[in-house]
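> Task: produce atomic coordinates for the following.
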Amino acid sequence: MAPTTRLLLVRHGETLANRDFRYIGNRDDMLTEQGCSQAEALAEALSILPVAAVYSSPRQRTHDTAQPIAERHHLPVQILSELVEGSFGAWEGLSRAEVLALGVEDERLLRAWEADPEMAPPGGESFAAIQRRVLAAVERLAQVHPDQTIVLVSHVGPIKVLLCSALGTSLSSLFQIFLDPATISVVDWRQPHPTVRLLNSHAHLGWSHARWMQ
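Just a heads-up that it's a prediction; the model follows:
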């Protein structure tokens, strides 16, 4: 049987921009006080698992989410640039409604971007490009960590494109997946067929903190 690498996919804790559903992209926003508390809850939840390594996107919000997890396992946080969020270019810092309000051309581009994974925001990165870099990194990590469990602390875009790949679905499906801040998704990565074990779990945060409950 092919070796399996269990991927614990963690979205970073809350930032202020997350509250307004803004396109953060490559901005280096900090965690809120609640985001820091979420990071501690993540660390507690994952402390019972046999984690071999903790990898993080280079952004501060992901590193600060990964640090408590790594400390519980007496491991360093290893920075992996491929886990960074995709760039939204000219739209960074804006909400979807604000992009639509910019004018006819931005509305056209936004709707094209939402329909075509090969399209990128103006000056940004397409979901197809994000998927290519993330999959290359995961395949490399699978060679380094056969039959081990590793934590990848990342962002909405990279986690969603990885889930689409594991599910064998089109990238256009990513708009049908919702990921809350500081949630856990689990993929058993093996070739030729990965298995999604868990998606958007916020059990460690409590039901009241799930956005769909509010």
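
> Run through who's touching the longest helix along the chain.
Within the chain, and with DSSP state H defining each element, the longest helix by residue count is helix 127-144. Contacting residues not belonging to helix 127-144 are listed as 3, 5, 7, 55, 80, 82-83, 86, 117-118, 120, 150, 152, 157-158, 160-162, 164-165, 171, 174, 189-190 [CB atoms under 8 Å, 6 or more residues apart in numbering]. C-betas here are computed from N, CA, C, even on glycine.

> Can you tell me the centre-most residue of the chain?
Within the chain, one residue has its C-alpha closest to the average C-alpha position: by CA atoms, centre = their mean, that is H155, at 2.9 Å.

> In a strand, L8, correct?
Yes. Counting by DSSP: H, G, I helix; E, B strand; the rest coil, L8 falls inside a strand.

> how about the nearest residue in space to it that is not next to it in sequence, secondary structure?
In space, L8 comes closest to V151 once its chain neighbours are excluded; the distance is 4.6 Å by CB to CB, 6 or more residues apart in numbering. Here V151 takes the strand state, with states given by three-state DSSP.

> Dump the C-alpha coordinates for the longest helix of the chain into CSV.
C-alpha atoms of helix 127-144 as CSV (Å, rounded to 0.1, in the frame of the first residue of the first chain):
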residue,chain,number,x,y,z
PHE,A,127,-6.5,29.8,-8.2
ALA,A,128,-5.0,27.5,-10.8
ALA,A,129,-1.6,29.0,-10.1
ILE,A,130,-2.1,28.7,-6.4
GLN,A,131,-3.1,25.0,-6.8
ARG,A,132,0.0,24.2,-8.8
ARG,A,133,2.4,25.6,-6.2
VAL,A,134,0.5,24.0,-3.3
LEU,A,135,0.3,20.6,-4.9
ALA,A,136,4.0,20.7,-5.7
ALA,A,137,4.8,21.5,-2.0
VAL,A,138,2.5,18.7,-0.7
GLU,A,139,4.0,16.1,-3.0
ARG,A,140,7.5,17.1,-1.8
LEU,A,141,6.3,16.9,1.9
ALA,A,142,4.8,13.5,1.3
GLN,A,143,8.2,12.3,0.3
VAL,A,144,9.8,13.7,3.4
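
> For it, buried residues please.
Within helix 127-144, the residues that qualify as buried by neighbour count (16 or more other CB atoms under 10 Å) are 127, 129-131, 133-135, 137-138, 141-142.

> who's in contact with stretch 199-214?
The contact list for stretch 199-214, computed with CB under 8 Å, 6+ apart, reads 38, 41-42, 44-45, 163, 177-180, 182-186.

> and with 10 Å instead?
When contacts are taken as CB atoms under 10 Å, 6 or more residues apart in numbering, the neighbours of stretch 199-214 outside the stretch itself are 9, 11, 13-14, 18-19, 21, 34, 37-38, 40-46, 159, 163, 166-167, 177-187.

> Show me the helices in this protein, by range?
Using DSSP H, the helices of the chain run over residues 16-19, 33-46, 60-72, 96-100, 104-115, 127-144, 156-167.

> Below-threshold pLDDT in this protein: ranges please.
Low-confidence segments of the chain, defined by pLDDT under 70: 214.

> hmm, back to that, now do the phi/psi pair for the residue nearest to the centre of the chain.
Summarising the backbone geometry of H155 under the convention degrees, to the nearest 10, its torsions are phi -130, psi 170.

> Perfect, that will be all.
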